[in-house]
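1. What follows is a predicted protein model with its sequence.
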Amino acid sequence: MTSSGTNPEQRPHDPPVGSAAWELLLPAVSAPARTRGRSLQAALREAVRSGRLVPGTRLPSSRDLAADLGVSRGLVTEAYEQLTAEGYLRSGRGAGTWVGGAVRAARPRARDLAPRTSGTRADFVVGTPDLSLFPRTAWATAHRGVLAELPHQDLGYPDPRGLPRLRAALAELLTRRRGVVADPERIVVVSGVAQATTLLGFALHARGLPTVGVEDPGSPQHDSLYAAAGVATVPVPLDEDGIRVGSLRDAGVRAVVTTPSHQFPTGIAYSARRRTELLDWARSVDGLVLEDDYDGDFRYDRAPVGALQGLDPDRVAYAGSVSKSLAPGLRLGWLLVPQTLADEVVERKRTMDLGHPTLDQALFARFVERGDYDRQLRRCQHAYRERRDALVSALEEHLPGTEVSGIAAGLHVIAALPHRYGPQGKFLARLGTAGVAVRPLTDYAHARAEPDDEGGVRLVLGYAHLSPTRIRDGVRLMAEAARD
């Protein structure tokens with residue numbers, strides 16, 4: 001030892017026995033005897049991976065480290081030998097054991113890519129329900145009940161269509177509430193409407209259909225979902241009755257995606273005449289209509305219009321989910337397919353993910369069977385009607401002259417502001433500066449852009465995730481920004 005108390009033979013990367021570098025191993029050696037060896041190996045491995053032990057660090061001898069940790073020398077020797085075999089450590093006869101150079105320390109990083117709207121004082125972006133309405137107590141009760149009653153065999157690989165119990169419950173629910181023709185044998189449980197869309201896209205591609213019509217304006221997600229299945233989208237314009245069937249014929253497609261009960265985003269409901277024309281078109285071209293019933297349960301001025309699928313289940317595929325009624329994070333939905341497409345869709349579902357998680361399916365089946373889902377729908381309908389009324393009233397008070405269009409339904413409205421608030425680009429810039437998040441109707445146009453130099457401002461305003469107080473405060477902010 002020198003006068004400074006250091007060992008001249010100790011290298012810069014040699015932490016002394018008993019130093020903090022080895023304290024991270026103490027929890028491992030306190031594990032039960034039968035798992036102590038594996039725990040020690042895992043702790044050493046993680047120390048190297050994380051960079052706590054850098055390449056070139058000399059490890060204590062097995063005798064010294066065992067004494068310091070209070071374990072047998074054999075336990076340490078076995079750990080050294082195992083990690084040397086894996087490449088984490090290196091050793092040589094008479095040269096000791098060192099951290100090898102094969103491992104590159106990486107800092108663990110888990111990014112959150114979920115969509116967020118940050119830095120806003122008021123968020124009117126459409127698409128999110130009120131997640132605080134999720135029925136945690138009822139859901140937990142259903143979860144406990146399912147765990148207690150679920151047969152062991154139901155935890156195996158499921159029918160790719162879904163558990164029979166859930167398909168039967170969905171058939172009853174959708175027949176009763178949405179007027180569909182729901183054969184449980186033709187129901188496929190899916191991870192939301194997005195997967196339903198992709199499954200149908202693959203089926204259409206396999207049948208040699210290279211294109212599918214989409215409403216214009218409409219959901220921007222359709223383009224990427226169908227592109228993933230190798231199918232191109234063709235925008236088809238709307239009028240006040242729904243999608244223009246004449247334009248649909250001109251487009252030369254044999255399949256089309258529609259939202260007839262509450263068109264997204266314009267908010268109109270297809271007229272009875274347009275529904276008939278659309279089905280006549282499908283029959284004349286041996287085609288298919290995909291009905292996205294994304295918020296069909298939420299109508300506030302009358303009973304909801306029944307689903308289009310009920311008129312011709314052989315020409316209409318029907319998709320829905322719990323994303324607006326419970327939570328999008330559940331990733332749970334359903335697809336009713338015509339018999340002619342059933343085998344292809346089910347086989348694609350099987351190869352895609354081997355079926356939806358069985359525990360989630362059984363839980364939702366119980367939730368539906370016991371009436372909890374009906375109660376949740378009533379609760380949401382009451383809350384969202386109140387919020388829509390609050391938004392319409394606030395617009396009338398703070399932005400007089402604003403016209404709200406579309407039927408009284410769903411989770412959003414179209415607000416056409418007077419021309420004095422335009423042009424649209426400048427108005428949106430003022431809202432952004434004020435911290436108000438909105439999207440104009442033009443954002444949902446696939447092929448056509450509406451001119452904004454005439455002063456017209458048409459906004460798609462989502463309200464479901466906002467309390468009435470926050471809605472009124474947000475509209476007040478919009479009005480203040482409009483005056484600036």
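-> Yep, it's here. Residues are numbered from 1 along each chain as shown.
2. Can you get me a residue count around the nearest residue to residue 312 once chain neighbours are set aside?
-> Leaving aside its chain neighbours, residue 312 sits nearest to residue 279 (5.1 Å; criterion: C-beta to C-beta, 6 or more residues apart in numbering). The way it works is simple: take the backbone N, C-alpha and C, and place the C-beta from them, glycine included. Counted by other C-beta atoms under 10 Å, the residues lying close to residue 279 total 18.
3. what do you get for residue 165?
-> Residue 165 - counted by other C-beta under 10 Å - has 18 other residues nearby.
4. Mind listing what's buried along the strand or helix carrying it?
-> If you go by DSSP states H and E, residue 165 is part of helix 164-178. The neighbour-count check on helix 164-178 (16 or more other C-beta atoms under 10 Å) flags 164-171, 173-174, 177-178 as buried.
5. same question, stretch 244-262
-> 244-245, 247-248, 251, 253-262.
6. Tell me which two in those residues are the farthest apart.
-> Greatest spatial distance among these (C-beta to C-beta): 254 and 262, at 25.0 Å.
7. just to revisit the earlier point, hmm, who's touching the helix holding residue 165?
-> 161, 180-185, 187, 189, 293, 296-297, 304, 306-307, 310, 318, 320, 334, 336, 361-362, 364-365, 368-369, 373, 377 (C-beta atoms under 8 Å, 6 or more residues apart in numbering).
8. Now do the next helix or strand after that helix, average pLDDT.
-> Proceeding N to C from helix 164-178, the next assigned helix or strand is strand 187-190, under DSSP H and E. Strand 187-190 shows a mean pLDDT of 98.
9. quick one: contacts of strand 187-190?
-> For strand 187-190, with C-beta under 8 Å, 6+ apart as the criterion, the contacting residues are 160-163, 166-167, 170-171, 196, 199, 319, 321, 332-337, 345-346, 349, 355-356, 361.
10. mind listing what's buried in the helix or strand that that strand is followed by?
-> Moving toward the C-terminus from strand 187-190, the next helix or strand (DSSP H and E) is helix 192-206. Buried positions in helix 192-206, judged by neighbour count with 16+ other C-beta under 10 Å: 192-204.
11. Next: stretch 268-279.
-> 268-270, 274-275, 277-279.
12. Let me know whether residue 230 touches residue 201 as I believe.
-> Yes - Residue 230 is within contact range of residue 201, at 7.5 Å (criterion: C-beta atoms under 8 Å).
13. what about the residue nearest to residue 299 when sequence neighbours are not counted, how many neighbours?
-> Leaving aside its chain neighbours, residue 299 sits nearest to residue 409 (4.5 Å; criterion: C-beta to C-beta, 6+ apart). If you count neighbours by other C-beta under 10 Å, residue 409 ends up with 25.
14. again with the one 3 residues further on
-> As a burial measure, residue 412 scores 25 neighbours (other C-beta under 10 Å).
15. Residue 310 too?
-> Residue 310 has 17 nearby residues by other C-beta under 10 Å.
16. so it, which of the three states?
-> Recorded secondary structure, residue 310: helix (DSSP: H, G, I helix; E, B strand; the rest coil).
17. Nearest to residue 141 among the buried residues of stretch 268-279?
-> Looking across the buried residues of stretch 268-279 and measuring by C-beta to C-beta, the closest to residue 141 is residue 269, at 36.3 Å.
18. Could you double-check that that closest one lies in contact with residue 260?
-> Yes - between residue 269 and residue 260 there is a contact at 7.1 Å, judged by C-beta under 8 Å.
19. Export the buried residues of helix 192-206 to TSV and append columns for distance to residue 150.
-> Below are those laid out as TSV (distance: C-beta to C-beta, whole Å):
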residue	distance to residue 150
192	23
193	27
194	27
195	24
196	26
197	30
198	29
199	26
200	31
201	33
202	31
203	31
204	36
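20. check contacts around the residue nearest to residue 299.
-> Taking C-beta under 8 Å, 6+ apart as the test, what residue 409 contacts is 261-262, 267, 269, 295, 298-301, 304.
21. Who are the packing partners of the lengthiest helix in the chain?
-> Longest helix of the chain, by residue count under DSSP state H: helix 372-398. Counting contacts by 3 or more C-beta pairs under 8 Å, 6 or more residues apart in numbering; DSSP states H and E, helix 372-398 is packed against helix 136-149, strand 412-417, helix 468-483.
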